[in-house]
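Here is my input, please return the structure:
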Amino acid sequence: MGSKIDAVIIDDEIDICILLSGMLKQYGITARYATSLREGLEKLSNSPNLILFLDNSLPDGYGLDSLIHIREKFPEVKVIMISAYDGDTERKIAAERGAIHFVGKPLTRALILPAIKSIFPDIIN
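So this is what the prediction gives:
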């Protein structure tokens, strides 16, 4: 892939941030992470190749509640929701508010890779 891809991970579980960052690094994606919504939003930029992995349940708010604001302020950001609560209702709300994908926890390569490949199909040769 010719273009650099960056990711921001917002999840209050540091282990998830480290695991996901390591997974992404294997595919040449540079990841920064934050454990709060406020800190994570500060890390966002309006880059055309930015993926946001957004947890729903954070210490200072809910990812689903922030989706509309994120999509308005950063329209180029591709949002992938990640949550242990991945019922039909949560998935529907996430899609309506602009998330491209919704991945349930626990996160695995088998769940994450197809979500990334649907956004950037050339990520894997």
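
Need phi/psi at the most centrally placed residue in the chain.
The chain has F53 as the residue nearest its centroid, 1.2 Å off, counting by CA atoms, centre = their mean. Main-chain dihedrals, F53, degrees, to the nearest 10: phi -90, psi 110.

can you pull out the helices in this protein?
Applying DSSP state H to the chain gives helices spanning 14-25, 37-43, 63-73, 88-96, 109-119.

tell me what the third one is packed against?
The one in question is helix 63-73. Contacts defined by 3 or more CB pairs under 8 Å, 6 or more residues apart in numbering; DSSP states H and E place helix 63-73 against helix 37-43, strand 50-55, strand 78-83, helix 88-96. Where you see a C-beta, it was placed from the backbone N, CA and C, and this is true even at glycine.

Go through it and flag the buried ones.
63-64, 66-67, 70 (16 or more other CB atoms under 10 Å).

Can you name the residues that contact L19?
Shown in contact with L19 (CB atoms under 8 Å, 6 or more residues apart in numbering): L107.
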